[in-house]
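A.B. asks: please find the sequence and the predicted model below.
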Amino acid sequence: MAKVLWLILYAFVAIALQGILGHLGIADRFIPQFLVILVVYLSFSETNAFGCVMSFAVGILLDFSSAVLVGPWAGSFVSIFCGLALLSRRLFIDSGLAAMVIAFSAVVVANILFSLFGNEYPSLTWEYPQKVLGQAIVTALVAPLILSLLSRRSRRGSGAYVGRGNAASAV
């Protein structure tokens, strides 16, 4: 129960931080997608139904906060989670470079899936790919730091390392 509350708290903080950065006048392409980083973390630390449900819950929170009640972010986050959870036994996010590449790819794929799941097709304009690539680059730059902070919090709470299933990992 405590793990659920911590993850929901992280999601609320991530949504608030993204909103604050947007209200400060920072362009959308320079605001990292913190919730995608949380989904990447879940796909490597919780490769079970709990992680999938939490990815869905994080996506629904983002949909509700952006007044989109259909759930395209929830669908894209679950898809990202499932893809990375399947690959988590083969991929390692131990190094910062690997975490950056995985986060970059997750942001690009999540935005493509969001466009496909939603009713709007913003990808038909040139501004949308610029925004997505900018967000992916900024998210990739902050991903190693955030993933290490989440991993440390999880290790402190459980006394074990977070990783791929039962294997030890030093994210």
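C.D. replies: Nice, thanks for sending it over.

A.B. asks: quick one: the helices in this structure?
C.D. replies: Assigned by DSSP state H, the helices in the chain fall at 2-23, 34-45, 49-65, 72-87, 96-117, 127-158.

A.B. asks: can you redo these as JSON lines with mean neighbour count?
C.D. replies: (Glycine included, C-beta is placed from N, CA and C.) Shown next, in JSON lines, are those (neighbours: other CB atoms under 10 Å):
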{"stretch": "helix 2-23", "mean neighbour count": "14"}
{"stretch": "helix 34-45", "mean neighbour count": "25"}
{"stretch": "helix 49-65", "mean neighbour count": "19"}
{"stretch": "helix 72-87", "mean neighbour count": "21"}
{"stretch": "helix 96-117", "mean neighbour count": "20"}
{"stretch": "helix 127-158", "mean neighbour count": "17"}
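
A.B. asks: so what pLDDT did the residue most central in space within the chain get?
C.D. replies: Within the chain, the residue whose C-alpha comes closest to the C-alpha centroid is Val36; the distance, by CA atoms, centre = their mean, is 1.4 Å. Listed pLDDT for Val36 reads 94.

A.B. asks: list the residues that contact it.
C.D. replies: Neighbouring residues of Val36 by CB atoms under 8 Å, 6 or more residues apart in numbering: Phe77, Ile80, Ala103, Ala106, Val107, Ala110, Thr139.
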